[in-house]
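Asks: the sequence isn't on hand, but the structure is:
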């Protein structure tokens, strides 16, 4: 019996568990992040047409940005690129890149990265944000 349980554990260990794939459809919807000290709240709303709206609340101020996004892969890691116009001049395009991966269907891990970065860094609360899908409450 011990041998069978050992074989089962080995099979489970080596089984190919594929994480949920990041697509425009799986990313669509509202995603919310709240900082560990509860001082900042960020809400992203992604549409299937590759547009997004970002709302950042910090110290009773609210900043709303609109832009476009695209998804690509670097070394089997999904990368999200957000493009927005600068708030001051509206003529300069700002591009921010993030590595993203699903923890489950309703939560994402996100790390801001440079264009040259190719690996997921070790996670800590300063470099990794966890976004949770915001569910719409049905109206009664």
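Replies: All right, it came through fine. None of the values given here were measured: they were computed from a predicted structure.

Asks: point out where this structure drops to low pLDDT.
Replies: 1-19, 137-140 (pLDDT under 70).

Asks: now the helices for it?
Replies: 2-14, 24-27 (DSSP state H).

Asks: which residues touch the longest strand along the chain?
Replies: When the chain is parsed with DSSP state E, its longest strand is strand 61-74. Strand 61-74 is contacted from outside by 22-24, 27, 46, 50-56, 78-85, 87, 99, 118, using C-beta atoms under 8 Å, 6 or more residues apart in numbering. C-beta: built from backbone N, CA, C; applies to glycine.

Asks: filter those residues down to the buried ones.
Replies: The neighbour-count test (16 or more other C-beta atoms under 10 Å) applied to the contacts of strand 61-74 identifies 22, 27, 46, 52, 54, 78, 79, 80, 82, 84, 99 as buried.

Asks: you'd agree the second one is up against residue 46?
Replies: Yes: between residue 27 and residue 46 a contact is recorded at 5.0 Å, counting by C-beta atoms under 8 Å.
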